[in-house]
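In: dropping the sequence and predicted coords here.
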Amino acid sequence: MKKIVLKVSILCDKCKTCIMKTVAKLSGIKSLALDVEKCTLTVVGDIDAVLIVKELRKVKKGVDIVSIGPEKEEKKEDEKKKEPECKPLPLCCNTCRPTIVFYDEYPNGCIIS
């Protein structure tokens, strides 16, 4: 088992959901943790980091590998710490919005009906 920490681009709730769905589909993952404040994704399992990066880039998400190392047991002291509240993410960002392209059937002509 290894622990992979990735820096990901999280701009909205839709980005967060897309990142989690994309990585969760891969086999060999034991656990996933997404930290919105630090923009990091922590993956624990028997999986190649390059495969994770490849899949996230397929769905147009910016990603960089921060570290790859052995899995370590986290201390229970972390549970006692209160997580600071952060402002909520917007529902959708400009990157996630679909682009609409209009096609003019007659670009240089006039139509009289």
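Out: Structure's in. What do you need? Numbers count the residues shown, from 1 in each chain.

In: from here on, just use CA atoms for contacts and neighbour counts.
Out: Fine.

In: kindly provide the distance from Arg57 to Met1.
Out: Distance from Arg57 to Met1, counting by CA to CA, to the nearest Å: 24 Å.

In: I meant to write Val50 there.
Out: Distance of Val50 to Met1, given as CA to CA: 16 Å.

In: where do the strands of the protein begin and end?
Out: With strands called from DSSP state E, the chain shows them at 2-8, 29-35, 40-45, 63-70.

In: check which residues of the second one are buried.
Out: Of the residues in strand 29-35, those buried by neighbour count under the rule 16 or more other CA atoms under 10 Å are Ile29, Leu34.

In: got JSON lines for the strands of the chain, with mean pLDDT and distance to Thr22 too?
Out: As requested, these are exported to JSON lines (pLDDT from 0 to 100; distance: least, CA to CA, whole Å):
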{"stretch": "strand 2-8", "mean pLDDT": "92", "distance to Thr22": "13"}
{"stretch": "strand 29-35", "mean pLDDT": "91", "distance to Thr22": "11"}
{"stretch": "strand 40-45", "mean pLDDT": "93", "distance to Thr22": "12"}
{"stretch": "strand 63-70", "mean pLDDT": "90", "distance to Thr22": "13"}
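
In: I'd like the ones you listed as a markdown table, with distance to Met20 appended.
Out: As requested, those are exported to a markdown table (distance: least, CA to CA, whole Å):
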| stretch | distance to Met20 |
| --- | --- |
| strand 2-8 | 11 |
| strand 29-35 | 8 |
| strand 40-45 | 9 |
| strand 63-70 | 13 |
